[in-house]
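Colleague: Test case, fold it:
(2 chains)
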Amino acid sequence: MRKIQFHPCGSYKISYHQDLNIFGTDFGRLWMVIGLVLLFGVVPFISNAYLLYIINNMGIYAIAAVGLNLLIGFTGQISLGHGAFFGVGAYTGAILATKAGVPFFLAVPLAGVISAAVGMLFGIPSARLKHLYLCIATLAGQFIIEYVLVQWEGLTGGAEGIVVPRATLFGLNLGSDRAFFYVTFFCFVLMAWIAVNLIRTRIGRAFIAIRDNDRAAEGMGIPIFPYKLLSFAISSFYAGFAGALYAYYTMSITPEPFNLWLSIEYIAMIIIGGLGSIPGSVFGAVFIVSLNETLSHITEYLMNVGTSTGIAITIAPLREFVYGLAIVLFIIFEPKGLAEVWRIIRSSFRLWPFSY
Amino acid sequence: MEFFLQLLVNGISLGFLYALSALGFVMIFKSSSVLNFAHGELMAIGAFLFLTLSAWADLPIVLAFALTLAGSFTLGFILEKFFLRPLIGEALIQVIMLTLGLALMFRGLLLFIFGGDIHDYPDFLPEALSMKWGAIQIPAVYVAAFIIGILFLILFGFFFKYSSQGIYMRSVADNQPAALSLGVHVRRVFALSWAIAALVCALSGIVLGIINGINVHELSSIGLKVFPVVILGGLDSIGGAILGGVIIGLLETFTGGYISTSLREIIPYIVLIFILMVKPYGLFGLVEIERV
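Modeller: Okay, the predicted model is just below:
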């Protein structure tokens, strides 16, 4: 039997293998198991339908945010088109389900694959462009995809969109929020597990080398263009996968939600959560979805109050203001994001009586 | 033929409007390498400030104009001091996100105060400015936009080439630590460049407002249209911004006139991607030489 590992009082790692460990101690592993049990065993039974709806949305957004963090946080390629790739996934899932009759469990990964192909296509400019120029090239991708979604009426139904059939898995009906919760979070745990392990492999190390200095990475023999494309593909796969889940969950999609605003929201998620941190992307998704819900509740409340005093419509834009303010304050005061806050809290517990 | 000529004239005028709105953007980029996503909102603030002063407070046009420019100049200072300065040295994406956050704040605030309706300025441009050849006519506003555009091109050209502040700005953009060690007051350069950029934004906001009416949504979408314009010309080239503006303007009007109106909105981006594949730093952008 192995000795139980506690926190060492310094860095005693003597091999790369130890440095690559996901869990430094057995406590970490224990907490994760407790977390998973709580997530799957308790959360769906204590939350009401509305709360479950929000939690499901958080799960879906978190999958896509993890994907975007792989691209921006780990490979350093800024993309303003993530919302569009999410849309491509949603539409692919919907079209596969309605026109080709592909079952749910195949349609979702297939949507991811198609999105990955589209993502690679729009990642091609990264061969020659970087930084701001690449950022604008992906912005162009966002607008072009949006245009195609609206204009290709034969396939996408134009502005009216597509009604997606209810998701079923091996004969089980996934229409209820609770059933869908299990599907979403099973996928989420799987995708997060893949992402965490991906960055420990050769591919992940190549991504990080490209982020830190792509010229130096090239000099060390990493073929940077294939890896950049791969990063675009993986990130769009995550986006498309999440998009297809979203399509099945909302059951009717229009091109409207997949605009530039959604891409900006995704970037806000990973910045608020923490760039280059997988748990950070999850924190960011939780934060942004809760902020959205809270703000829309407050505006709704104020509008109901305001109807008597005549300020009903004017209060709505303030939502945008508060949203922007939250992003700005986060970037100025905690540029490393919620992941850093989490780390500080954790280490202050760990070092408790002797913290410095 | 007449249709063609009219499209040509429209395209060039539209292009000059784009170029004019791109100038403030290039100004910020040239001195601090910040990609300003709040550009359209800065234009809207200038336009609404002018509207408030000229139409609602009933000040004389010249006074209102001067006050607007002074106000925007101050706003630029404040923005730089409180929002951009803490981010010096942070990653590119954080700066981009900050300007996006600022854009949201401004848009929310402007919509809250002025609503989403279209407002109009009172007429004050002299009719004598408008031109007419045969069937083709150019309204006075476009002529004004053209004159302002050329004026700023010359002004900025001289500013960046000969004035000491302009040279400081270029040095800071090129290499911050080197500029610092040579005694350039980097913070002052940043503050000044944001102030000047906000002023130019206000100016272009006013011109756009005269033409299309002042509307928050409209102006912020033009703020996004600035990106293909500046990238096409090269992010740090003022001449490139003007040429890029004209190219995009012509592309839009000709696509709208001959092919389809829905393609019009998207064509600048398609062309942009192809041009960037051939010339990654735009047509006139400074090619960066990278060293490991």
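Colleague: which residues in the stretch 151-300 of chain A form helices?
Modeller: Secondary structure of the stretch 151-300 of chain A (DSSP state H, counting those that start in this stretch): helices located at A:153-156, A:177-198, A:202-212, A:214-219, A:224-250, A:260-273, A:278-309.
Colleague: Dump those to TSV, plus mean pLDDT.
Modeller: What follows is these, written out as TSV (pLDDT from 0 to 100):
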stretch	mean pLDDT
helix A:153-156	76
helix A:177-198	87
helix A:202-212	89
helix A:214-219	86
helix A:224-250	90
helix A:260-273	87
helix A:278-309	81
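Colleague: and of the ones you listed, who's closest to A:Asn57?
Modeller: The minimum distance between A:Asn57 and the helices of the stretch 151-300 of chain A falls on helix A:278-309, with 5.4 Å, by CB to CB. For every residue, glycine as well, the C-beta is placed using N, CA and C.
Colleague: what comes up buried for that closest one?
Modeller: Of the residues in helix A:278-309, those buried by neighbour count under the rule 16 or more other CB atoms under 10 Å in any protein chain shown are A:278-289, A:291-293, A:295, A:299, A:302, A:306.
Colleague: cool, and stretch B:188-202?
Modeller: Neighbour-count burial for stretch B:188-202, counted by 16+ other CB under 10 Å, picks out B:189-202.
Colleague: could you dump the helices of the stretch 151-300 of chain A to CSV with distance to B:Thr99?
Modeller: Supplementary listing: the helices of the stretch 151-300 of chain A in CSV, determined by distance: least, CB to CB, whole Å:
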stretch, distance to B:Thr99
helix A:153-156, 32
helix A:177-198, 29
helix A:202-212, 22
helix A:214-219, 24
helix A:224-250, 23
helix A:260-273, 11
helix A:278-309, 18
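Colleague: Which one of the ones you listed lies nearest to B:Gly11?
Modeller: Using CB to CB as the criterion, the shortest distance between B:Gly11 and the helices of the stretch 151-300 of chain A is 25.2 Å, found for helix A:260-273.
Colleague: how many other residues sit next to residue 267?
Modeller: No chain was given, so I picked chain A. 24 (other CB atoms under 10 Å in any protein chain shown).
Colleague: look at chain B instead
Modeller: Based on other CB under 10 Å, the number of other residues close to B:Ile267 is 19.
Colleague: didn't it look like it was pressed against B:Leu250?
Modeller: No: at 10.5 Å, B:Ile267 does not count as touching B:Leu250 under the criterion of CB atoms under 8 Å.
Colleague: Filter the buried residues of stretch B:188-202 down to just the ones in strands.
Modeller: Applying DSSP state E to those, no entry is found in strands.
Colleague: In a markdown table: these, plus distance to chain A and pLDDT.
Modeller: Conversion of those to a markdown table gives the following (distance: CB to the nearest CB, whole Å; pLDDT from 0 to 100):
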| residue | distance to chain A | pLDDT |
| --- | --- | --- |
| B:Val189 | 20 | 85 |
| B:Phe190 | 16 | 84 |
| B:Ala191 | 17 | 87 |
| B:Leu192 | 22 | 86 |
| B:Ser193 | 17 | 85 |
| B:Trp194 | 15 | 86 |
| B:Ala195 | 20 | 87 |
| B:Ile196 | 20 | 85 |
| B:Ala197 | 16 | 84 |
| B:Ala198 | 17 | 87 |
| B:Leu199 | 22 | 85 |
| B:Val200 | 20 | 83 |
| B:Cys201 | 18 | 85 |
| B:Ala202 | 20 | 86 |
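Colleague: ok, residue 107 - contacts?
Modeller: Using chain A here. For A:Ala107, the contacting residues are A:Thr92, A:Gly93, A:Leu96, A:Ala97, A:Ala244, A:Tyr248, taking CB atoms under 8 Å, 6 or more residues apart in numbering or on different chains as the criterion.
Colleague: please go with chain B instead
Modeller: Taking CB under 8 Å, 6+ apart as the contact definition, B:Arg107 lies against A:Pro317, A:Glu320, A:Gly324, B:Glu41, B:Ala44, B:Val216, B:Ser220.
Colleague: and the nearest residue to the last one once chain neighbours are set aside, how far is that from chain A?
Modeller: Yep, that's B:Ser220 we're talking about. Spatial nearest neighbour of B:Ser220, chain neighbours left out: B:Gly40 (3.7 Å); criterion: CB to CB, 6 or more residues apart in numbering or on different chains. In this structure, B:Gly40 and chain A are separated by 12 Å, where distance is defined by CB to the nearest CB, to the nearest Å.
Colleague: wait, doesn't B:Gly40 sit right on B:Leu219?
Modeller: Yes: contact criterion CB under 8 Å: B:Gly40 and B:Leu219 qualify, at 5.1 Å.
Colleague: which residues touch the residue nearest to the spatial centre of chain A?
Modeller: Centroid check for chain A by CA atoms, centre = their mean gives A:Ala65 as the closest residue, at 1.5 Å. The neighbours of A:Ala65, taking CB under 8 Å, 6+ apart as the test, are A:Tyr266, A:Met269, A:Ile270, A:Gly273, A:Ser281, A:Val282, A:Gly284, A:Ala285.
Colleague: at 6 Å instead, please
Modeller: When the contact criterion is CB atoms under 6 Å, 6 or more residues apart in numbering or on different chains, the partners of A:Ala65 are A:Tyr266, A:Met269, A:Ile270, A:Ser281, A:Gly284, A:Ala285.
Colleague: Return the closest of those with respect to chain B.
Modeller: Looking at those and their distance to chain B, the nearest is A:Ile270, at 8.8 Å (CB to the nearest CB).
Colleague: From chain B, how far out is the residue lying closest to that closest one once chain neighbours are set aside?
Modeller: Ranked by CB to CB, 6+ apart and with sequence neighbours excluded, the top spatial neighbour of A:Ile270 is A:Asn69, at 4.7 Å. Distance, A:Asn69 to chain B, using CB to the nearest CB: 11 Å.
Colleague: Show me what from the stretch 1-150 of chain A comes close to chain B.
Modeller: A:Ile78, A:Arg128, A:Leu129, A:His131, A:Leu132, A:Ile136, A:Ala137, A:Ala140, A:Phe143, A:Ile144, A:Tyr147 (CB under 6 Å from any CB of the partner chain).
Colleague: Got the phi and psi for the residue nearest to the second one when sequence neighbours are not counted?
Modeller: So that's A:Arg128. For A:Arg128, ignoring the flanking residues on the chain, the nearest one in space by CB to CB, 6+ apart is B:Pro280 at 4.3 Å. B:Pro280 has phi and psi values of phi -70, psi -20 when expressed as degrees, to the nearest 10.
Colleague: Just the local confidence number for B:Pro280, please.
Modeller: According to the model's per-residue confidence, B:Pro280 sits at a pLDDT of 75.
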